[in-house]
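Trainee: coordinates only, no sequence provided:
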């Protein structure tokens, strides 16, 4: 039945207070989520199945050199240098994703709007509906330029070490020939 009088009023008051508290928690959780998304140290890009950008975070703006308004609607493949030569053509990407293959940690050169190309690592996942049709693509993009620079320095140091070892061996052989 129905509660009337003071008991009914108290129950209604408790339910209303609980509803307000739950609503405030929901608002706070959404605010925290948006803050995490917008201020993440990696770029998040959401695209339609054709690769057109639907939304992105601040790091995507920083990496690409485009404002969010300029990024939304732009095809993400066009953000990379010579995409067809690196297996990132829209058809190749679509084919991989429709076959159920996620694109993980692919290293590419990004062509920012405001400067020199930037090495990035990109991972793309397809979001499908119940029938298996791709409805959305989600990508994370990380700047790996510093790592690539360090790899280049390490490779150069290894080459110099090898040349030094070779030169030492040749000097040793000449020494053995000259002073048997």
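Mentor: Received, thanks. Nothing here was measured: the structure is a model prediction, and the numbers come from that model.
Trainee: show me the helices in this structure, by range?
Mentor: Taking DSSP state H as the test, the helices found in the chain are 5-38, 58-64, 68-71, 90-98, 145-178.
Trainee: for residue 74, give me its contacts.
Mentor: When contacts are counted by CB atoms under 8 Å, 6 or more residues apart in numbering, residue 74 touches 52, 53, 66. For every residue, glycine as well, the C-beta is placed using N, CA and C.
Trainee: closest to residue 121 among those residues?
Mentor: The shortest approach to residue 121 among the contacts of residue 74 belongs to residue 53, at 18.3 Å (CB to CB).
Trainee: for this structure, what are the low-confidence residue spans?
Mentor: The model of the chain has pLDDT under 70 over residues 1, 82-94.
Trainee: 90 instead?
Mentor: Applying pLDDT under 90 to the chain flags the ranges 1-13, 36-37, 39, 49-51, 76-119, 121-122, 132-134, 145-180.
Trainee: deepest in the core, which of the helices of the chain is it.
Mentor: For these, the largest average neighbour count (mean count of other CB atoms under 10 Å) is found in helix 58-64, namely a mean of 20.
Trainee: so which elements touch that one?
Mentor: Judged by 3 or more CB pairs under 8 Å, 6 or more residues apart in numbering; DSSP states H and E, helix 58-64 is in contact with strand 43-47, helix 68-71, strand 134-143.
Trainee: mind checking how far it is from the chain centre?
Mentor: Relative to its chain's centre, helix 58-64 lies at 10 Å (CA atoms, centre = their mean, to the nearest Å).
Trainee: just use 46 as the starting number from now, easier for me
Mentor: Okay, residue one is now 46; in that scheme the one you just asked about reads as helix 103-109.
Trainee: what sits up against it?
Mentor: 83-90, 112-113, 116, 124, 155, 157-158, 163, 165, 186, 188.
Trainee: residues in contact with stretch 53-67?
Mentor: The contact list for stretch 53-67, computed with CB under 8 Å, 6+ apart, reads 47, 48.
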